[in-house]
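# Fold the following.
(2 chains)
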Amino acid sequence: MFEFRVIAECKATGARAGEFTTPHGVIKTPVFMPVGTLAAVKAMSPRELVEINSQIILGNTYHLYLRPGNEIISKAGGLHAFMNWDRPILTDSGGFQVFSLAKLQKITDEHVMCRSHIDGSQLIMSPEWSMKTQGVLGSDIAMCFDQCCEYPTTHERAEEAVRRTTLWAKRSKDFFMANNDSTRQALFGIIQGSVYDDLRARSAEEIISLDFPGYAIGGLSVGESHAAMYHSLDVMNDLMPKDKPRYLMGVGYPLNIVEGIARGVDMFDCVLPTRNGRNATVFTSRGRLNMRGKTHAENFSPLDDECDCYTCKNFTRAYLRHLAMTGEILGARLFSWHNLRFTIRIAEMAREAIIAGTFPDFLENFKATFHDDNNSQAE
RNA sequence: GGUGGAAUGGCCGAGUGGUCAAUGGCAACAGACUGUAAAUCUGUCGACGAGAGUCUACCAUGGUUCAAAUCCAUGUUCCACCA
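As a prediction, this is how the structure comes out:
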């Protein structure tokens, strides 16, 4: 269980194709993992997620702890049974909420005193709390409780987060090994360090020395430039063990995914496909489109004629724009559906190319055809 | 037929003498969104102009006033109630 097998590597880049075995099936990498924070990938049913070949989805410890809470999840028989999803699940530790809900909390080495964003009630997040909750959720992959830095941040603050993340990783693993079922659940370590090479190196060394079945790169895609992100990924590519899966947390912008794969990343997750979908922005093989734009009002062609998703095979841009303009739920669903399938397919195509030995061509071709005039960072 | 009320920018609707090119909301147009406090948020929204600014505007016409979307007169249309 939790064996990672690299089945092909790109000679020219760091890209690799692999298989990661979990209790709910084998995950073929590179892989994009849709985010289902509250035990639902927004706007999508499990059946639809299977149709677009979602191999694994995410859930969130903090959010599910607040609602519905451990007791109900436990009575349901775990998160898989609760939400009727029988493929792998990865749960985020709540570490990201320490970052995204920073105004509501006080952080010390011991724990994070946090106010619920729902009703203001107090809760204490800690490595032990996170491991216990993730144990109840029963995810295939649990994540260490970490501290993610804002961007930009000083070297000093980033160093503090690295130190704390290592401390918490040790406590996460200790509690996990003593209380969770490590034959049914893998615990991944998370490397921090913001955009500072020395801190990345230090964090990698400290976390890898703790020996986890997989490693995540945290603290990126928080506002830094794409160039800075790629640089950090280059640094990480040299530091991370080749025989373990590598997970770039929070990345889902199409170009970032292919550039990440080229730098040895195996797993990605992101809210972008679903959030942008609900907000009527879609990704296509030619770039990004704001589907509320008047320019699509009388366009009767599909979003992306190269896409194999339900939305692209059945609906015109004119109709989809109409759904967006009228606020129909179906619009949010169809855009999310397409964005997820599009993003998942990037990883699928990259995998095929890596196995076929044509990944460099795939990468160049993708970069050449994916235009995003509005995103200056998308170079 | 009588009495009372109302007419404001694409729509709804504030505004009762100057600080009004005119609050708000909607619509429209544009933008943002990266381990989800997001089916959310931001900007623009009379015309011309890069801008300073100029012009045209609150049913119509005429009037009062230094000054009118705001006051007066007449007309037009609409609404309510009474016959």
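# And the closest residue to residue A:117 other than its chain neighbours, how far from RNA strand B?
Closest residue to residue A:117 apart from its sequence neighbours, by CB to CB, 6 or more residues apart in numbering: residue A:101 at 5.7 Å. Where C-beta positions appear, they are placed from N, C-alpha and C, glycine not excepted. Between residue A:101 and RNA strand B the computed distance is 5 Å (CB to the nearest atom of the strand, to the nearest Å).
# correct me, but residue A:101 touches residue A:114?
Yes - Residue A:101 is within contact range of residue A:114, at 6.8 Å (criterion: CB atoms under 8 Å).
# what about the two, which has more around it?
Between residue A:101 and residue A:114, residue A:114 has the larger neighbour count (other CB atoms under 10 Å), namely 21 against 17.
# wait, that one sits on residue A:103?
No - using CB under 8 Å, residue A:114 is not in contact with residue A:103, being 10.4 Å away.
# Could you pick out the residues of the stretch 251-379 of chain A near RNA strand B for me?
A:251-253, A:256, A:269-272, A:274-276, A:278-281, A:290, A:292-295, A:297, A:325, A:327, A:329, A:332, A:374-375, A:377 (CB under 7 Å from any atom of the strand).
# quick one, what contacts the nearest residue to residue A:239 once chain neighbours are set aside?
Counting by CB to CB, 6+ apart, residue A:239 lies nearest to residue A:204, which is 4.1 Å off, once chain neighbours are set aside. Contacts of residue A:204 were listed using CB atoms under 8 Å, 6 or more residues apart in numbering, and they are A:191, A:193, A:215, A:236, A:239, A:240.
# now do residue A:307
Here residue A:307 is in contact with A:284, A:285, A:313, A:338, A:341, A:342, A:345 (criterion: CB under 8 Å, 6+ apart).
# Distance of it relative to residue A:163?
Taking CB to CB, to the nearest Å as the measure, residue A:307 and residue A:163 are separated by 45 Å.
# With residue A:113 instead?
19 Å.
# Same check on residue A:1?
With CB to CB as the criterion, residue A:1 and residue A:163 are 32 Å apart.
# ok, now residue A:271?
28 Å.
# likewise residue A:334?
Applying CB to CB to residue A:334 and residue A:163 gives a distance of 46 Å.
# what do you get for residue A:129?
On the measure of CB to CB, residue A:129 and residue A:163 end up 20 Å apart.
# Looking at these two, which one has more neighbours?
Applying other CB under 10 Å to residue A:129 and residue A:163 shows that residue A:129 carries more neighbours, namely 20 against 17.
# that's a strand at that one, yeah?
No - with DSSP: H, G, I helix; E, B strand; the rest coil as the criterion, residue A:129 is located in helix rather than a strand.
# So it sits against residue A:112, correct?
No - counting by CB under 8 Å, residue A:129 sits too far from residue A:112 to count as a contact (9.0 Å).
# that older thread, select, from the contacts of residue A:307, the two members most distant in space.
A:285 and A:313 (14.7 Å; CB to CB).
# Compare these two (neighbour count), which wins?
residue A:285 (18 against 10).
# for the more buried one, what are its contacts?
A:304, A:306, A:307, A:342, A:369, A:370.
# Could you rerun that using 6 Å?
Residue A:285 is in contact with A:304, A:306, A:369, counting by CB atoms under 6 Å, 6 or more residues apart in numbering.
# How many residues are close by the nearest residue to it once chain neighbours are set aside?
Of all residues not flanking residue A:285 in the chain, residue A:306 sits nearest, at 4.7 Å (CB to CB, 6+ apart). Other residues within reach of residue A:306, judged by other CB under 10 Å, total 13.
# for the stretch 151-300 of chain A, what spans make up the strands?
A:186-191, A:215-217, A:246-248, A:267-270, A:281-284, A:287-290 (DSSP state E, counting those that start in this stretch).
# any chance of these in JSON lines, plus mean neighbour count?
Below are those laid out as JSON lines (neighbours: other CB atoms under 10 Å):
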{"stretch": "strand A:186-191", "mean neighbour count": "27"}
{"stretch": "strand A:215-217", "mean neighbour count": "28"}
{"stretch": "strand A:246-248", "mean neighbour count": "28"}
{"stretch": "strand A:267-270", "mean neighbour count": "25"}
{"stretch": "strand A:281-284", "mean neighbour count": "24"}
{"stretch": "strand A:287-290", "mean neighbour count": "18"}
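# and residue A:27, which of those is closest to it?
Here strand A:267-270 is closest among the strands of the stretch 151-300 of chain A (CB to CB), at 7.9 Å.
# Just put the contacts of residue A:285 in a markdown table and tack on pLDDT and secondary structure.
Shown next, in a markdown table, are the contacts of residue A:285 (pLDDT from 0 to 100; DSSP: H, G, I helix; E, B strand; the rest coil):
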| residue | pLDDT | secondary structure |
| --- | --- | --- |
| A:304 | 97 | coil |
| A:306 | 95 | coil |
| A:369 | 95 | helix |
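# RNA strand B: which of those is nearest?
residue A:304 (16.5 Å; CB to the nearest atom of the strand).
# these two touch, right, that closest one and residue A:284?
Yes - using CB atoms under 6 Å, residue A:304 is in contact with residue A:284, at 3.8 Å.
# contacting residues for residue A:55?
Residue A:55 touches A:27, A:31, counting by CB under 6 Å, 6+ apart.
# Filter the residues of the stretch 251-379 of chain A next to RNA strand B down to the buried ones.
A:251-253, A:256, A:269-272, A:274, A:276, A:278, A:280-281, A:332 (16 or more other CB atoms under 10 Å).
# quick one: which two of those are the most distant?
A:256 and A:332, at 23.4 Å, using CB to CB across those.
# Within range of RNA strand B, give me the residues from the stretch 101-250 of chain A.
A:101, A:103-104, A:117, A:143, A:146, A:148, A:190, A:216, A:218-219, A:221-222, A:226, A:249-250.
# Out of those residues, list just those in helices.
residue A:226 (DSSP state H).
# from the residues of the stretch 101-250 of chain A next to RNA strand B, which would you call buried?
By 16+ other CB under 10 Å, those give A:101, A:104, A:143, A:146, A:148, A:190, A:216, A:218-219, A:221-222, A:226, A:249-250 as buried.
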